[in-house]
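**Q** Quick one, fold the following:
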Amino acid sequence: MKHIKDKINPDYYTKGIDTVDYIISHSMNYLEGNLVKYVTRYKFKNGLEDLLKAKWYLDRLITDYNEKGEEDETSK
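**A** So this is what the prediction gives:
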């Protein structure tokens, strides 16, 4: 069973704090969570490809932020 868990949650997601636990503990939305995921793993998996994915999610997050103004999820 450990082999299956390793594919779902490889070592690069669990150094220090588990990436999913971090995302949940900070009540992150989909865009924020994916940004953290790709930045967390880029050194260990896909390098520049993961950084470009993280940039895409960050750019989208900035666009959404600018469209909504300064209101965020915590102010509702």
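**Q** and stretch 45-55, what's its mean pLDDT?
**A** Here stretch 45-55 scores 96 as its mean pLDDT.
**Q** do the same with stretch 34-42
**A** 95.
**Q** now swap in stretch 67-76 and tell me
**A** 64.
**Q** quick one: residue 43 from residue 51, how far?
**A** For residue 43, the distance to residue 51 equals 10 Å [Cβ to Cβ, to the nearest Å]. C-beta: built from backbone N, CA, C; applies to glycine.
**Q** which one of these two has more residues nearby?
**A** residue 51 (14 against 11; other Cβ atoms under 10 Å).
**Q** contacting residues for that one?
**A** Residue 51 sits next to 38-39, 42 when contact means Cβ atoms under 8 Å, 6 or more residues apart in numbering.
**Q** now those as TSV including neighbour count, distance to residue 17 and secondary structure?
**A** Converted to TSV, the contacts of residue 51 look like this (neighbours: other Cβ atoms under 10 Å; distance: Cβ to Cβ, whole Å; DSSP: H, G, I helix; E, B strand; the rest coil):
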residue	neighbour count	distance to residue 17	secondary structure
38	21	17	helix
39	17	14	helix
42	18	17	coil
